[in-house]
Every structure is written in C-alpha cells, then in structure tokens.
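**Q** prediction below, plus the sequence it came from.
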Amino acid sequence: MPSQSPSDPQYLEVAFREMPSPGVRYSSGLTIYDEALVKGRWVGRYWSAAGRIKPERDIAKDLEFSEPLIPHWLKQLPLDSFCLDIDGQSLQSHWKWTDAKRVACKDNSTHALVELSHGVRPVNIRVHMKLDGTPFLVRWLEITNTSDRPAALSSVSPWSGLLWSVLNYRELLPAGMNNAFSLGYYASEAWGWEGDFVWEPLLNGVRRIEGKKGRSGHACPFFMVRNEGTGEYFVGHIAWSGNWKIDFRCDQDPASQDALLFFKAGPSAPSPQRVLGPGETISTPAVHLGLLHADLDGCVQALHDHIRHSVMPAYPKGRRQLVQYNAWGYVADDLDEQLLLREVDMAADIGCELFIVDAGWYGAERKNWYNTVGDWFPGSWLPNGLEPARKYA
C-alpha cells in the first residue's frame, strides 16, 4: 500500500458533478466516498477502500430509482446520507440542489460544501465534508430555518446510509462463520470500564449502541464494523460530549446470499432536541468516518494519525510536556488550596512538566463531585479559585 501522508496533495480530491444527478465524490488517502441527489434524495452511492472510482454505468444500475433497472424493494432502503426530522416530519425526500463549493482552509486539508433546499418545508441544509489526506472524512450539517416561525428539530443524524453491499457473502466467509459483519464498540457506561471493548456478530435487524448519561467519557461514541468476507473495516467517531446513538441495520438473505449493512449516527435526546428560531442556523456534531482495507492495528494507527492531524491542537514548540501529574484520586473530596500547593511540590520533585487539576474543584457540592460535572466554577472550598495553584506551578 502506498504511503498516505496527510500533507500529500495527491491524496486529496473533491469532484463536483452537475445535472442530471448532481453530486460529489470525495477522495482522501485511498478512501473514496460518492454521494448524489437522486430523485430528491441525497444518497450515498458507493464507498471504496482501494482508491478505485466506480464507473457511472455501474452506479446507474444500482441507484437509479426507476424500474426496471433495480428491484422494487431497493427503493425502500435507507440510502439517505443524512437523516433529519423537523416538527416530527421526516425530510428524506424533496431536496433540491442549490450550490456546491470549496471552502478555503489554512492547513493542508480540503473542505467541501453542498447546499440543499427543501421543496416542502422552509429548511435549508449545508452538507460539510472535510478531508485531510488520511482515510477518514469528517462530516457535519448546518441547518437553517428559513421560515418566519420557530421550527422544532425532532432528530438528526449528520451521517447515515449504506456501508456495504456484499453479493454471495457466504462464499467469502471463513469456515465456521455465518455472519457477514461484526461490530466492535465500548460496551459499558460504568466508571472504570472505559476500556471494555468487545466484538459481536451483527444479526438481522437493527442493533443500537448509545450513551445515555449526558456525557461521553464512558461508553465512548466510537465504533468499528468489520466485513468478515473482504477484511475491510469502517471506523467511526462522533465528536460529541452529550447523549448519542449509532444504529446499524443488517440485512442478510440466506436464500440469495446477499448482505447489506446500513448505519446512522448522531446526537440523542427527547424531541425536540432544539428549537430553531426564524432565520436561525445551527451546526450538528461532526462524524468522523473512514473505510480501510487493513488489519485491526492498521485501522487504529490510521485513526490516531487522523486525530493528531485534524482534531488535537498542535503542541506549542518546545512544550510537549511529556511527564504529567494528574491531581485527583484520594484528594477529590478533600481538595483545598494548601493541598493543591503541596501536590504541586510533589509533582515538581519527581520531574513533572505539567500539573493537571482534575475533579473536585468545581460546583456547589464538596462531596459527590460527579453530580456537579459541567458546573465549571470553583467551589467555596477554593475561595481564591485556581489562580494561586496556577501561579505556584
């Protein structure tokens, strides 16, 4: 496999298409993803992990929503590449192409923007996609209420659609294996179980993974799905710190031996998640998604490369602070200014370069710090705030 440097422009491409089916093809690293406006639906047309562009004549046979090119049942499949409900109404159809353009980026990434307007409801969508040269694409939506009255955002999934369509999947599976796809995810929402990563086969129907505690430190909004026949992986992450959900719909037909896998990912909350005022625009959380033909270790390392390049801020030169001290543990319920200063002394004595104040400094309750997560103001037990410890460090 050729080297995939995030700074190498040959691995970045955005190709816009015009009528009759306007759309866009994204290429980053060896990952290719193509989507288009087909009969009023914004659908994902195909994925490739090998840098190969699919001929238009083959795509037309798959996704042209008319008889007799495809069987009738394919019209009902969830091919839409985002899901949006406004005031309880599903807006999966009646979209119209408005515009498409590239947005200037200061780094070496490429940012593409597709604008769609709805033909029934006064709603506009901007589909953002950012590419950095790694096998991962970053997707989020801007939603605008163009009416003169409020609109309730019932639910939204910034990214969805078909991941794989595998013909004769049983012929590709290793001996003794019956299912075409497997799901890897963090199974527990409990404290201390952040590393509880498990694999399970995806059976027919819908399998949901989710985080419901209002923060994503546990039950991380992350997944891997493996194609057991081809050895490919989809790796995905939602950049969101609240409640979330990811659905996988698996359809395996033992008679035809064909297998399909769909997904949708986004924030989760009781309806309405948000009320948009007249003319208001909001942005959804971003979904990071990549398709790779590699082993498990290769997928993880590629994700780390993407995060370091496009998510984590760069370290200031000469200040990487590799030896760090985290002040938490037994001090969380007894924290005060003098204890913090003694902890700074301990950190300095053992050669630490960075002192981190973790839980126990914020909120109105001295005990049970976990009940005040999100109340980011110093508690009464730190009357001078954190500034004395910061200056001392």
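**A** Structure received.
**Q** can you tell me the SS state at Ser117?
**A** strand (DSSP: H, G, I helix; E, B strand; the rest coil).
**Q** roughly how far does it sit from Thr98?
**A** 5 Å (Cβ to Cβ, to the nearest Å). No exception for glycine: its C-beta is placed from N, CA and C like everyone else's.
**Q** flag the shaky bits of the stretch 151-300 of the chain, pLDDT-wise.
**A** 215-218 (pLDDT under 70).
**Q** ranges for the strands of it?
**A** Under the criterion DSSP state E, counting those that start in this stretch, the stretch 151-300 of the chain contains strands at 151-157, 159-166, 181-186, 197-201, 205-211, 222-227, 233-239, 244-253, 258-267, 274-276, 281-283, 286-292.
**Q** pipe the ones you listed into a markdown table and attach distance to Asp85 and mean neighbour count per row.
**A** Output for the strands of the stretch 151-300 of the chain, formatted as a markdown table (distance: least, Cβ to Cβ, whole Å; neighbours: other Cβ atoms under 10 Å):
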| stretch | distance to Asp85 | mean neighbour count |
| --- | --- | --- |
| strand 151-157 | 4 | 21 |
| strand 159-166 | 12 | 22 |
| strand 181-186 | 25 | 20 |
| strand 197-201 | 29 | 12 |
| strand 205-211 | 17 | 15 |
| strand 222-227 | 23 | 21 |
| strand 233-239 | 18 | 22 |
| strand 244-253 | 14 | 20 |
| strand 258-267 | 11 | 23 |
| strand 274-276 | 12 | 16 |
| strand 281-283 | 14 | 13 |
| strand 286-292 | 17 | 24 |
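**Q** pipe those into CSV and attach distance to Gly88 per row.
**A** As requested, the strands of the stretch 151-300 of the chain are arranged in CSV below (distance: least, Cβ to Cβ, whole Å):
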stretch, distance to Gly88
strand 151-157, 5
strand 159-166, 18
strand 181-186, 30
strand 197-201, 33
strand 205-211, 20
strand 222-227, 28
strand 233-239, 23
strand 244-253, 18
strand 258-267, 17
strand 274-276, 13
strand 281-283, 18
strand 286-292, 24
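**Q** those strands: which one's closest to Gly23?
**A** strand 159-166 (13.0 Å; Cβ to Cβ).
**Q** for that closest one, which strands pair with it and how are they oriented?
**A** strand 258-267 (antiparallel) (DSSP bridges).
**Q** ok so, going back, what sits in contact with each of Ser117 and Thr98?
**A** Residues touching both Ser117 and Thr98 (Cβ atoms under 8 Å, 6 or more residues apart in numbering): Asn124.
**Q** returning to what we had before: the strands of the stretch 151-300 of the chain: which one's closest to Gly40?
**A** Across these, closest to Gly40 is strand 159-166 (Cβ to Cβ), at 15.5 Å.
**Q** distance check, the residue lying closest to Arg17 once chain neighbours are set aside against Pro158.
**A** Nearest non-adjacent residue to Arg17, counting by Cβ to Cβ, 6 or more residues apart in numbering: Gly23, 4.9 Å away. Going from Gly23 to Pro158 by Cβ to Cβ gives 18 Å.
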